[in-house]
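# Whatever this is, show me its structure:
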Amino acid sequence: MDFDLQWLLLALPVAFFLGWLASRLDVRQMKREEQPSPRAYFKGLNLLLNEQQDKAIDAFIEAVQHDPDTSDLHFALGNLFRRRGEYERAVRVHQHLLGRGDLPRAERERAQHALAQDFLKAGLFDRAEEAFRALEGTAFATDARLALLTLHERARDWHKAIEIARRIEAAGAGSFSTRISHHWCEITQEADAKGRTEEADDALAKAREAAPTAARPQVLAGQRLARAGRHAEALAAWGELLAAQPGSFSLVARDYAASAAASGAQAQAATALRELYARAPSTDLLLALVRLEADVQQREQALLAHVREHRSLTAALNLMQQRSGQGEALAATAAEPIERAIAEAARPLQRFRCAACGFESQAYFWQCPGCQSWDSYPPRRLEDL
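Got it, this is the predicted structure:
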């Protein structure tokens, strides 16, 4: 049977046309399948920007249903659930992502990190710790260690916190020496509370070693010595604090004065306190000085000078107590600065505060200048609420 080449020439254009038509139909079908997902995604994004989170969730769910293989949609939906406080749904979304065998390694690590955050926000700290530990050796390792550090601090597991802080520091994420020093101080106080003095001594030494210039170990060292009745040594410890961290010395100024009185070192302590007060006046330094001052008139003069200069209610109260303790009325020279101090302190309490946004003002507004809400101001000043 002879083959007619004419039929071949006719069949080739027909086959080409049918192939072209099939490809066009397939492309159009793919475009139709792809269109709903981006449309729903952008709709959800627009709703989210307009703070319509409920509708945004519905839009993202629709987008995920149309394109279940797109991980970005799942991340957007899971993060939105977490922001809404719907942690169980967020966990399910991120666990679904982790269960996919086709997920790239970077996306899997991202899903593991998101899952750990879900557990943390939900208060499931044991599961959060496990999830964060699974991120060791990934791009999220430093973030995971920082989260673990916070978890251990919240659980007051100070030894684990120290271990994690050292690992973060070794990874080049900055210095954590002061934070580690705080951890050792916490261990010191817990050991003291249980009567384990040697353990407390060792922990305090490590706190000072971790951060030699930190204020807290020096404060704690003096307080422990003072409680043990070793007041001269306590003064020496606080003297180191005064030299290294004078800004923090007011935290122990009254304890310093008490130890000075107990050890007979009032004159030296008063001199040190006056020098510091002249550079950086504070109420605690003032009250420590008053405690060391034997002369009643000198105490009153110091309190009165502070009230005039700084309008401190605490100093004013102490001045009134000095007078009432002697059964005497306030002199006119003392009454006037006390009145000014009280007026200054009462001024913030004489304002109205918007219940919607917290905007405060001296005048009452029917419409809040801050948030534009109507009738949002309670008709009572702050001191009456």
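
# Let me see the contact set for residue 89.
The neighbours of residue 89, taking C-beta atoms under 8 Å, 6 or more residues apart in numbering as the test, are residue 81. For glycine as for every other residue, the C-beta is placed from the backbone atoms N, C-alpha and C.

# Surely it is in a helix?
Yes: using DSSP: H, G, I helix; E, B strand; the rest coil, the assignment for residue 89 is a helix.

# gap between it and residue 107?
When distance is defined by C-beta to C-beta, to the nearest Å, residue 89 is 20 Å away from residue 107.

# Same check on residue 77?
Computed as C-beta to C-beta, the residue 77 to residue 107 distance reads 15 Å.

# cool, and residue 280?
Here the distance between residue 280 and residue 107 works out to 55 Å (C-beta to C-beta).

# can you check residue 125 too?
In this structure, residue 125 and residue 107 are 26 Å apart, going by C-beta to C-beta.

# who's more crowded, the two?
In this comparison of residue 125 against residue 107, neighbours counted by other C-beta atoms under 10 Å, the higher total goes to residue 107 at 17 against 14.

# Secondary structure class of the more buried one, three-state.
Reducing the assignment to helix, strand or coil with three-state DSSP, the entry for residue 107 is helix.

# I figured it hits residue 98, correct?
No: checked against C-beta atoms under 8 Å, the pair residue 107 and residue 98 is beyond contact range at 9.6 Å.

# Domain-wise, how is the chain divided?
301-350, 351-385 (automatic domain parsing).

# To residue 265, which of those domains lies closest?
Put simply, out of the domains of the chain the one that sits nearest residue 265 is domain 301-350, at 19.6 Å, with distance taken as C-beta to C-beta.

# how about the strands in this structure?
Per DSSP state E, the chain carries strands over the ranges 352-353, 360-361.

# wait, residue 151 sits on residue 129?
Yes: because the distance of 5.7 Å satisfies C-beta under 8 Å, residue 151 is recorded as touching residue 129.

# Tell me how far the residue nearest the centre of the chain lies from residue 193.
Relative to the mean C-alpha position of the chain, the nearest C-alpha, by C-alpha atoms, centre = their mean, is the one of residue 150, at 10.1 Å. When distances are taken as C-beta to C-beta, residue 150 and residue 193 turn out to be 24 Å apart.

# Also residue 80?
Taking C-beta to C-beta as the measure, residue 80 falls 45 Å from residue 193.

# who has more neighbours, the two?
Using other C-beta under 10 Å, the more surrounded residue of residue 80 and residue 193 is residue 80, with 20 against 9.

# how much space between that one and residue 292?
Using C-beta to C-beta, one obtains 62 Å as the distance from residue 80 to residue 292.
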